[in-house]
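J.: Whatever this is, show me its structure:
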Amino acid sequence: MVPLGTQGELYIGGAGLALGYLNRPELTEEYFIDNPFATESDREKGYHRLYRTGDVVRWRQDGNLEYLGRNDQQVKIRGHRVELGEIANTLSKLDGVSQAVVIDIEREQGKALVGYVVVSTTDIDIEALRRALSIELPDYMVPSVLMCIDEVPLTINGKLDRRALPAPKWIGADSYCAPSNELQQQLCEVWQSMLGVERVGIDDDFFRLGGDSIISIQVVNRLRELGYILNVKAIFDHPTIERLAEYLQQAKSETNILTEQGSLTGEFGLLPIQHWFINQALTAEHHWNQAFTVRIPAETTTKAIQKALSALAAQHDMLRATFMRTDNGCVQVYQAIEEFTLPELFASDIALRDEAEVHALLTDWQSHFDLASGPLWQAGFLTGFEDGEARLFFAAHHLVIDAVSWRILADDLRLLLTDQSLLDKGSSYRQWQML
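T.: Purely as a prediction, here's the structure:
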């Protein structure tokens, strides 16, 4: 136990604790330890163990835990916790590899894995190594980049010297193959923008460049804005520019799907994740939400923000959605624009409040959603920041927004607040539900 504000490793216990790692007794013994703080009552209930998460955290003054990083070789990639040592061990057992290390690297799009190998032969085929590793490990555990090194650099204490490892080469200059038509060029530009790389060749693999399921959704949304019809599965099935371009050309000749434009109204069914949420019968189901903030100029007026929010609700029909329980289950309903009441725009000067008061204020702003009557989002105008700019706070219920939606809404808000027009709508939530 450490004092408030002091960093330490997070241990968890209680009724929801797992029994251990499946078929991994050595990891279970290492990470599931006896709970020295367990009372007799705890032990009678079976709460006698703690799990070492490896997360370094600290208690904040407001009672929340702040995540500071990891203290071991366990990292989170594409939503999965993976052991870097396990990947390196598997890699070192492949033919032609005498030693291997795997590290995680922070990129603009999130964490990526990089593998370094010391080889015992001069004619090693890196792509063959990658294919062999893919047979042994799931896709999310296969490093985005594999590089050959002469030896593993060590510190004076005999530990891996990460800083001495060569920088990963995300694009192989020698193997670059340029786009040969307008569609390939357009796809390359989208990938370069979304993946944060300078150049993409038509045979470069999306996931080897650092792509993941979240970025693939962003790519799909961007391509839909450009008029192409595809889903996320298309990128997983066709992970190179050349193959994806061929797929899009074929799909264009076979499919003609019209997106729903204008103001949508009426009832429609739930997506599987929405069904799951409704079926939980949570006592505070109205309060499950997430929030983001957008930096805006200090001179922005409340009138301009209200105008932008009104246009946003017209563009994104899910911002006008409510949920109605019927004898046949729950359905969601698009409210017509003329029947929709824009939520009041809250405002506050945070310079007049301390951190705890600001936290309490924002919590209150997002505590009044009602699934049946809506609206299921709330905006707030925040001023008084030291940098001289303002912030637009936006909170919405989990049923109508996800991590990808944040970025779309934030981009649209920036466009609207600078008097720019929005693009035509993409596929509606209702169309996704019918897929």
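J.: Please tell me how far the residue positioned nearest the centre of the chain sits from residue 368.
T.: Nearest to the mean C-alpha position of the chain, by C-alpha atoms, centre = their mean, lies residue 214 at 5.3 Å. For residue 214, the distance to residue 368 (C-beta to C-beta, to the nearest Å) stands at 30 Å. (Glycine included, C-beta is placed from N, CA and C.)
J.: repeat for residue 5
T.: Look at residue 5 and residue 368: by C-beta to C-beta, they are 32 Å apart.
J.: With residue 51 instead?
T.: 36 Å.
J.: So the two - more neighbours on which side?
T.: Set residue 51 next to residue 368 and count neighbours by other C-beta atoms under 10 Å: residue 51 wins out with 18 against 10.
J.: Tell me the bridge partners for that one.
T.: residue 12, residue 32 (DSSP bridges).
J.: Tell me where the stretch 251-400 of the chain has helices.
T.: Listed in chain order, the helices of the stretch 251-400 of the chain (DSSP state H, counting those that start in this stretch) span 272-279, 302-315, 355-365.
J.: Identify whichever of those lies nearest to residue 30.
T.: helix 272-279 (32.9 Å; C-beta to C-beta).
J.: Mind listing what's buried along that closest one?
T.: Across helix 272-279, burial judged by 16 or more other C-beta atoms under 10 Å covers 274, 277, 278.
J.: The second one is in contact with residue 398, isn't it?
T.: Yes: counting by C-beta atoms under 8 Å, residue 277 does reach residue 398; the two are 6.9 Å apart.
J.: about what we covered before: list just the nearest of the buried residues of helix 272-279 to residue 335.
T.: Nearest to residue 335 out of these is residue 274 (C-beta to C-beta; 17.1 Å).
J.: Where do the strands of the stretch 1-150 of the chain begin and end?
T.: All strands of the stretch 1-150 of the chain, identified by DSSP state E, counting those that start in this stretch, fall at 8-12, 32-34, 49-59, 65-70, 74-77, 80-83, 97-107, 110-119, 145-148.
J.: if I pick residue 129, what's in contact with it?
T.: Contact analysis of residue 129 by C-beta atoms under 8 Å, 6 or more residues apart in numbering lists 91, 94, 96, 97, 117, 146.
J.: Please identify which pair of these lies farthest apart.
T.: Farthest pair in these, by C-beta to C-beta: 96 and 146, 11.9 Å.
J.: Walk me through the domains of this protein.
T.: For the chain, the structural domains run 8-70, 74-164, 182-254, 266-434, going by automatic domain parsing.
J.: Could you export those domains as TSV, including distance to residue 1?
T.: Shown next, in TSV, are the domains of the chain (distance: least, C-beta to C-beta, whole Å):
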stretch	distance to residue 1
domain 8-70	8
domain 74-164	23
domain 182-254	36
domain 266-434	23
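J.: Nearest to residue 176, out of these?
T.: Once those are compared by C-beta to C-beta, domain 182-254 is nearest, at 4.4 Å.
J.: for the record, mean pLDDT for the closest one?
T.: Averaged over domain 182-254, pLDDT sits at 84.
J.: so where does the residue nearest to the centre of the chain fall, helix or strand?
T.: helix 213-225 (DSSP states H and E).
J.: Any buried residues in that helix, and which?
T.: So for helix 213-225, counting by 16+ other C-beta under 10 Å, buried means 214, 215, 216, 217, 218, 219, 220, 221, 222, 223, 224.
J.: and the next element down the chain from that helix?
T.: In N-to-C order, the element after helix 213-225 by DSSP H and E is helix 232-237.
J.: For that following helix, give me every contacting residue.
T.: Contact partners of helix 232-237, identified using C-beta under 8 Å, 6+ apart, comprise 206, 211, 213, 216, 217, 219, 220, 244, 247, 248, 251.
J.: got the CA coordinates for that helix in CSV?
T.: Extracted C-alpha coordinates of helix 232-237, given in CSV (Å, rounded to 0.1, in the frame of the first residue of the first chain):
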residue,chain,number,x,y,z
VAL,A,232,-14.0,-3.7,-42.4
LYS,A,233,-13.8,-7.3,-43.4
ALA,A,234,-12.7,-6.2,-46.9
ILE,A,235,-9.5,-4.8,-45.4
PHE,A,236,-8.8,-8.0,-43.4
ASP,A,237,-9.4,-10.1,-46.5
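J.: mind checking how far it is from the chain centre?
T.: Centroid separation between helix 232-237 and its chain, computed with C-alpha atoms, centre = their mean, to the nearest Å, is 17 Å.
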